[in-house]
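K.L.:
Got a sequence here, can you model it:
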Amino acid sequence: MQQNVKTSLGVAIIIIFAITVGFFTWKAMNIEDVKTNMPTVNEPAQNSPITGQPTGNQPSQVCTQEAKQCPDGSYVSRTGPNCEFATCPASNITISFSPNEVNNCEKNWKTPSVYRVSMNGKEIGNVQKEGCATRIRFIGKNSDFAYFEIQPVGIGGYIVTDLGYFDVYQINLSNNGIKKLGEGIAAFDKDFRKTIMVDVENRKITLKEISSGIEKNIKVPDKYSPGDNQLGDFYFSPNLQKIAMKFVYGEPGSENCEIYSFDVNSEALSLYKKINYLVQVTGWKDDSEISWKKME
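P.N.:
Residues are numbered from 1 along each chain as shown. Predicted coordinates:
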């Protein structure tokens, strides 16, 4: 009897121990499973108080796999911290015109000049200008746009209002669109991102940022009067902060010249040099010195 009690008690202890071990094992497994399946919460990125840039191991920026076709047929992808499209390479596109000059004055002086515009030998449109004697001239291009102008024949290096105005055009190299940029004489910076447009009739010179459309007006010298005087030879300084220009006045054969400098930031026009003979402004030697030569 005593032996049976001992045996039963031992069996009970073993059963209780097995149940206890099994319970805690089951609980531990469920806790680990909960941890494994819990959603992770990303800690906010910490920025350096000095640089303002993220610290620690931040995930690298992954840009979408897109491509943009450039005017020359090549492609560029998104890159950099802002995933912007890379700059297209300089365009190898060729712009041509037919004809290069029109003279209908003997037939009918009211007949407008008509020009066909072609890109890489394929016609993309046509433009026309009032006046029986005109010529068309390619100005230049960058990776996005090309520029040309139609001018009255015989205009030379500066504006003579009796002969009319320049018509300046822009070609969008991505879609072959042609639009008129303005009337008057135009000068561009070396990258064709900024231009100067001269409105002779209204005595107005405008500096224009082509991409944004932001404009600044340049004061015309007080003594200048359309038809009697001439403006020309516009050049940007290497740092694009100044613009050189020439003002010519006086009787033919005894002209005088004044060279002016326009400060883009202060919008101040200042006399650079006064000369008692006819000269041609040829550009800038550096950001402060204008180069010029005597016209024979």
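K.L.:
buried ones in stretch 167-178?
P.N.:
Going by neighbour count (16 or more other Cβ atoms under 10 Å), the buried part of stretch 167-178 is 167-171, 173, 178. Every residue, glycine included, has its C-beta placed from N, CA and C.
K.L.:
With pLDDT as added columns, please give the residues you listed in TSV.
P.N.:
Below are the buried residues of stretch 167-178 laid out as TSV (pLDDT from 0 to 100):
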residue	pLDDT
Asp167	87
Val168	90
Tyr169	93
Gln170	93
Ile171	94
Leu173	89
Ile178	95
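K.L.:
Next, give me the two most distant ones among those.
P.N.:
Across the buried residues of stretch 167-178, the longest distance by Cβ to Cβ is 19.7 Å; it joins Asp167 and Leu173.
K.L.:
returning to that earlier point: list the ones among the buried residues of stretch 167-178 that fall in helices.
P.N.:
Nothing among these maps onto helices, per DSSP state H.
K.L.:
So which of those residues sit within strands?
P.N.:
When DSSP state E is applied, the buried residues of stretch 167-178 are split such that 167-171, 178 fall in strands.
K.L.:
Out of these, the closest to Leu207 would be?
P.N.:
The closest of these, once distances to Leu207 are taken by Cβ to Cβ, is Val168, at 14.2 Å.
K.L.:
I figured the closest one hits Glu183, correct?
P.N.:
Yes - if you go by Cβ atoms under 8 Å, Val168 and Glu183 touch, sitting 7.2 Å apart.
K.L.:
intersection of neighbour lists for the two?
P.N.:
Met197 (Cβ atoms under 8 Å, 6 or more residues apart in numbering).
K.L.:
so Glu149, which of the three states?
P.N.:
strand (DSSP: H, G, I helix; E, B strand; the rest coil).
K.L.:
quick one: contacts for Thr64?
P.N.:
78, 83.
K.L.:
wait, I meant Ile124
P.N.:
117-118, 171, 176, 178.
K.L.:
repeat that with 6 Å
P.N.:
Each residue near Ile124 by Cβ atoms under 6 Å, 6 or more residues apart in numbering is listed here: 117, 176.
K.L.:
Are we agreed that it is in a strand?
P.N.:
Yes - under three-state DSSP, Ile124 sits within a strand.
K.L.:
Begin at 10, not 1, for the rest of this chat.
P.N.:
With the count now opening at 10, the last piece we talked about shows up as Ile133.
K.L.:
so where's this structure uncertain?
P.N.:
Along the chain, segments meeting pLDDT under 70 span 10-69, 80-81, 98-100, 116-119, 162-174, 209-212, 231-238.
K.L.:
50 instead?
P.N.:
10-11, 14, 40-54, 56-65, 164-173 (pLDDT under 50).
K.L.:
need the helices for it, in chain order.
P.N.:
Using DSSP H, helices in the chain cover 11-46.
K.L.:
just to revisit the earlier point, kindly indicate which of the buried residues of stretch 176-187 lies nearest Met304.
P.N.:
The nearest one, if we look at these relative to Met304 and count by Cβ to Cβ, is Val177, at 24.8 Å.
K.L.:
Surely the closest one is in contact with Gly191?
P.N.:
Yes - using Cβ atoms under 6 Å, Val177 makes contact with Gly191 at a distance of 5.3 Å.
K.L.:
Let me know how buried the spatially closest residue to Val257 that is not a sequence neighbour is, in neighbour terms.
P.N.:
Counting by Cβ to Cβ, 6 or more residues apart in numbering, Val257 lies nearest to Gln239, which is 4.2 Å off, once chain neighbours are set aside. A total of 22 residues lie near Gln239 under the criterion other Cβ atoms under 10 Å.
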